[in-house]
Structures are given as C-alpha cells and as structure tokens.
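In: 3D, please:
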Amino acid sequence: MPHEQVLVIDAGTTGIRALVIDRNSREVGRAYTEFPQYHPGPGRVEQNAEEIWQATRLVVRRTLEETGLAAADIAAIGITNQRATTVVWDRATGDAVAPAIVWQDTRTAALADELRPEWGDRVYARTGWTLAPVYSSLSLRWLLDNHSGARDRAQAGELAFGTIDSWLIHKLTGGRVHAISASNASVTGSYDLVTDGWHEEWLAALGLPLSLFPEVRDDSGDLGHTDADAVGAEIPIASAVADQQSALFAEHCWEPGEVKSTHGTGTFLDMNVGPEPVISSSGLSSLIAWRIDGETTYALEGYAAVTGAAIQWLRDGAELVQSADETEALARSVKDNGGVYFVPALTGLSAPYWDANARGTIFGISPSTKRAHLVRATLEGIVYSMRDFLDTMAIDAGHPIRTIRADGGASRNDFLLEFQADVLGVEVVRPANIEATALGAAYLAGLAVGLWETREACFVGIEADRTFTPTMSSDERKRLYSNWQRAIERSRGWLE
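Out: I've put the predicted structure just below:
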C-alpha cells in the first residue's frame, strides 16, 4: 500500500543497493549494481562520485519497477553508507572536482606520521580516532594540496566537502542541502566529541576552512526532501546513518554493553556504550552510534579493514576459488589450518595496531600445504583480527562481552561463525535477516515519519536464524592466538 514502505539506499564500498522495506520489516524489492574502484598508484583507492550517483539512480529506478511502486508511494528514504570516503564538489555546479578518496586509501600515511608527535594524542582525546590515513580530514588536506586551484577555491567558499551520505543528500535534493549525519561526522576524524562540533583547532592546523564542512544533523529526522527530477517525486530523506552504526541499531543493540560484528569488506566489532562517549585507552575508536531527537548514543569500535576483501582476493587475485561460497566446504575439508596463518593486511593493519606500512603475509607454508589450508587460514584470519581488540573493548567499556550478534555477507558462512565463537569464547547469534545495515537505515527513517511508533514495533516477527556456542578448549584457544600474534609482528612495517 502507498506510504507504508521505506526506500533504503545502501552505498557500500564496491557497490550500491536499493531496497524497499515494508512496515512488517519485510523486504519487498531490491536492486544492486557495482561501481568501479580505481588504483592510480600503490596504496591509492579512488572512486568517481558521479558514477556512485548514477548507480544510485539506476538501482532506485530498478527497485521501484520491480515492486510496481511509484516514487510517490514511498513514505521516506533512508541512507546508509560506507564511511570516511572523501568527496569534494563545486557548490555552483554540484559536480565533484576530484576523484573521491576511499576510506581504504593510505596515501596520507606519511602525513599522519609527520603530524602524530604533536597532534596524535590531542586529536585522539577529542575525536576518539587514532590519527591514521582513514581520517577524512587528512584526505581533504591532500586534495586541496594536490589539485590545481582547489585550496584557493576552498578559501573562497566555492567548494563543499562531504562523505558519501553528504554527497547523496546533495544530489538527491538537487543541491539544496549540504549536511552530514552525526554518526558519519564522528567517523571523519574531524568531529570533537567533547564540544559536540567540528574540531576547529585541528582543522585550522590542517589549513581546512570550516566553510567546507557540512551541517551536522540527526541520523533520524529531517535531512531534506528529494528533488522530483532526481527520483520522480518529492520524498522526505528521514535517515542517514553510517553503515556500522546502522547495523548496530538493526541488531537491537540499544543498551550499553550490547555488541554486534559485521563481516563485510572489513570486519567491524561495535559496542553500545550509552549516552556518554568512552575514549579508549588502547586504540579503539569512539564514535556516535546515532543521534535521535537531539539525544546521542555512543559506541566503541574495533575494525580490521581487509577481511571480506581478503576472500575477494582469494577469488579475483589469487584465483584459488571461483566464488566465496566455496570457502566453507574447502575450510572444512582439512582438519585444521596445517600451521598456516594469513594476516590479511592488504592495505595495512587497523585497530589496535594502526600500521599503514604492514602488508598481507602468509606464514607456515610447507610441502603439505594445500589450497584448502590457505582458504581456511583466510577465514581464520578474519576472526583473529577481531580477537585483537575484543578484550580491550570489554575493559574500556566496563562491560563483559558474552554474546555477539553477527551480520554482513560473510556471516552466512557457518564455519566462520563457529570459529568466531570458539576463538572469541562467546556466543554468536546470527539473525534471520543478515542485511542489518539496510534495516537500520529503514528503521531510523520509518521511525522519523511515524511508519513505526516505537523501536520495538520495527522488530515484530524478526527472529534469530542460528546461535553458535564455543566448544574449543581454553588451551587450544590460547595456542592458536599466540601463533597469530607471532604472525602479526612479522607482518608489521613491511613497507619500511
């Protein structure tokens, strides 16, 4: 029926989806397309923002066609997106002025190293993010320094900066709105959690005019209305939420201490820590989980940048498998990893090491090593990457972790979740619908326009698919993880 559906735009790192979710939390239509990544040099990962926008229009049109709905039938649009990717556009024309720098890019590693002695502790204490290439502010500085005339144009107020949510809001509203959601703002490495605004001292040190930066708005609420020319009707944009925080909301992690893991391009472990930010003592990231009606919920996060992407590498780079679906059977075809450990640091190590100079390494290869051992070691490496920050998160937040709710594409792999339960020593629950990032944006949009009156109403009929419980002995858990730690140390600083 008209006005009982939410349209979600889910802009991932390698592709974009549009989904229609009805008031019973059922998906009634979807479309997906990929867009290119460009690698113009070592450590560089770029995208064409215009290609992302055209992909968005394509999947929205296809989804509406599939469902038989008109754009005017949609109650609201929700956006969820890859985080920290940097886009700069011309305010007058609305066109991007340079390739977007993707969150995986490491071109600013030397700049981060240069700034860290003076600014590392200072910005971490205020933004909650370790000074690293993932900072959007560092990518923005690079763009202004390396594109002819960009700095002068920025100083003159002619340019606008945003992350992917900002870019899509800008395009959807016909250029009328320059905004970013609170959850996305907190992941730029530019947002001051203490003053609850852009970290002006830090931006001034980088030479970044405040006029470049978007207005920070609630994740659920008024983010503008679409231009009729963009999608066919004027529709309220009622949510914009960073992908991991969206999944945290969709996984019903609404109370302090509740945790989810998302296995996508990277693997992310997020914990709700309540209404006050917690600045980690050991390199985890502090962020805004969501802001609703001006009230903020905060989270702690650890992430490994390359995990699901390592499975893609097995398929597309090493050509050891033809599809990701093969990996579970291959991993089970051998009794253990055969002493093989794969550190999937293809673009460096993230939390808690923050080593942009690390690179992917495989240890323990012997004459008896088979393809299956390499595949199994890749899946195991995803879990070890989580273990690196699990204990730290519990200590920093003051909440023991007993259960983790798992989502993301790779969570369909039973072997992966069994190993996750074993090595982390916790219960792992997989929901029936693992598309948590899209559901979170749908719920936040629907709540804003009254499609659901309460949070609990969103979850009617939503059940768990399977629960995985640990069976590994404590001694075996310690032995395996000790070997992983040796492998990590040998992978660090390779580019140096």
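In: quick one: average confidence on the helix of greatest length in the chain?
Out: Counting by DSSP state H, the longest helix found in the chain is helix 371-397. For helix 371-397, mean pLDDT rounds to 92.
In: which ones are touching the nearest residue to Asp388 once chain neighbours are set aside?
Out: Spatial nearest neighbour of Asp388, excluding adjacent residues (CB to CB, 6 or more residues apart in numbering): Pro352 at 6.0 Å. (Glycine included, C-beta is placed from N, CA and C.) Shown in contact with Pro352 (CB atoms under 8 Å, 6 or more residues apart in numbering): Ser282, Gly283, Leu284, Gly302, Asp388, Phe389, Thr392.
In: ok, 10 Å please
Out: Contact analysis of Pro352 by CB atoms under 10 Å, 6 or more residues apart in numbering lists Thr130, Ser280, Ser282, Gly283, Leu284, Ser285, Gly302, Asp388, Phe389, Thr392, Met393.
In: can you check Ser246 too?
Out: 8, 10, 78-81, 181, 183, 219, 239-240, 262, 289-290, 436-444.
In: just to revisit the earlier point, roughly how far apart are the residue nearest to Asp388 and Ala438?
Out: 29 Å (CB to CB, to the nearest Å).
In: and what of Val241?
Out: Using CB to CB, which is the criterion applied here, Val241 is 11 Å from Ala438.
In: may I have stretch 241-252 as CSV, with CA atoms only?
Out: Taking Å, rounded to 0.1, in the frame of the first residue of the first chain, the C-alpha atoms of stretch 241-252 are listed here in CSV:
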residue,chain,number,x,y,z
VAL,A,241,23.4,6.7,9.2
ALA,A,242,26.9,5.3,8.8
ASP,A,243,26.9,1.6,7.9
GLN,A,244,28.3,0.1,11.1
GLN,A,245,26.2,2.2,13.3
SER,A,246,23.1,1.3,11.2
ALA,A,247,23.8,-2.4,11.8
LEU,A,248,24.3,-1.8,15.5
PHE,A,249,20.8,-0.3,15.6
ALA,A,250,19.2,-3.0,13.5
GLU,A,251,20.8,-5.7,15.6
HIS,A,252,18.8,-4.4,18.6
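In: between Val241 and Ala438, who's got more neighbours?
Out: Using other CB atoms under 10 Å, the more surrounded residue of Val241 and Ala438 is Val241, with 33 against 25.
In: and what about that one, helix, strand or coil?
Out: Following DSSP: H, G, I helix; E, B strand; the rest coil, Val241 is assigned to strand.
In: same check, this time on Ser482
Out: Following three-state DSSP, the label given to Ser482 is helix.
In: which strand is the longest one in the chain?
Out: Assignment by DSSP state E gives strand 295-304 as the longest strand of the chain.
In: show me where the stretch 151-300 of the chain has strands.
Out: 159-162, 179-181, 191-192, 197-198, 215-217, 237-242, 259-263, 267-274, 285-292, 295-304 (DSSP state E, counting those that start in this stretch).
In: so where's this protein uncertain?
Out: The chain contains residues with pLDDT under 70 at 1-2, 460-462.
In: how far away is the residue sitting furthest away from the middle of the chain from Gly339?
Out: For the chain, the residue at maximal distance from the C-alpha centroid (CA atoms, centre = their mean) is Pro367, at 38.5 Å. As defined by CB to CB, Pro367 lies at a distance of 12 Å from Gly339.
In: thinking again about what came up before, in helices only, show me the contacts of Ser246.
Out: Per DSSP H, the contacts of Ser246 map to helices at Ser183, Ala436, Thr437, Ala438, Leu439, Gly440, Ala441, Ala442, Tyr443, Leu444.
In: and which of those is nearest to Ile169?
Out: Ala441 (12.8 Å; CB to CB).
In: in contact with Ala487: list those residues for me.
Out: Counting by CB under 10 Å, 6+ apart, Ala487 touches Val340, Tyr341, Phe342, Val343, Thr361, Ile362, Phe363, Gly364, Ala377, Gly381, Tyr384.
In: most neighbours among those residues, which one?
Out: Phe342 (28 neighbours).
In: quick one: which helix or strand includes that residue?
Out: Per DSSP states H and E: Phe342 is located in strand 341-343.
In: okay, buried residues for the helix or strand containing Ile311 please.
Out: Element membership of Ile311, judged by DSSP H and E, is helix 308-312. Using 16 or more other CB atoms under 10 Å as the test for burial, helix 308-312 gives Gly308, Ala309, Ala310, Ile311.
In: tell me which residues touch the last one, please.
Out: The one in question is Ile311. Counting by CB under 10 Å, 6+ apart, Ile311 makes contact with 263, 265, 321, 323-324, 326-327, 344, 375, 378-379, 382, 409-410, 413, 416.
In: out of the residues you listed, which are buried?
Out: Buried subset of the contacts of Ile311 (neighbour count, 16+ other CB under 10 Å): 263, 265, 321, 324, 327, 344, 375, 378-379, 382, 409-410, 413, 416.
In: which pair of these spans the longest distance?
Out: Pairwise distances across the buried ones among the contacts of Ile311 peak at 18.2 Å for Thr265 and Val375 (criterion: CB to CB).
In: and Glu258, how close does it get to His252?
Out: Distance, Glu258 to His252, by CB to CB: 8 Å.
In: what touches both of these two?
Out: Arg405.
In: go ahead and confirm Leu115 touches Leu206.
Out: Yes - at 8.3 Å, Leu115 counts as touching Leu206 under the criterion of CB atoms under 10 Å.
In: shared neighbours of the two, which are they?
Out: With CB under 10 Å, 6+ apart, Leu115 and Leu206 have common neighbours Tyr135, Leu138, Arg141.
In: how many neighbours does the second one have?
Out: Read it as Leu138. 26.
In: for the closest residue to it other than its chain neighbours, which residues are in contact?
Out: Of all residues not flanking Leu138 in the chain, Thr108 sits nearest, at 4.0 Å (CB to CB, 6+ apart). Applying CB under 10 Å, 6+ apart to Thr108 gives the contacts 43, 101, 114-115, 131-135, 137-142, 356.
In: ok, now Asn483?
Out: The contact partners of Asn483, taken as CB under 10 Å, 6+ apart, are Asn337, Gly339, Val340, Tyr341, Phe363, Gly364, Tyr384.
In: now with 6 Å?
Out: The contact partners of Asn483, taken as CB atoms under 6 Å, 6 or more residues apart in numbering, number zero.
In: coming back round to it: so which of the contacts of Thr108 sit within helices?
Out: Glu114, Leu115, Ser137, Leu138, Ser139, Leu140, Arg141, Trp142.
In: of all those residues, which two lie farthest apart?
Out: Within the ones in helices among the contacts of Thr108, Glu114 and Leu140 form the most distant pair, 16.2 Å apart (CB to CB).
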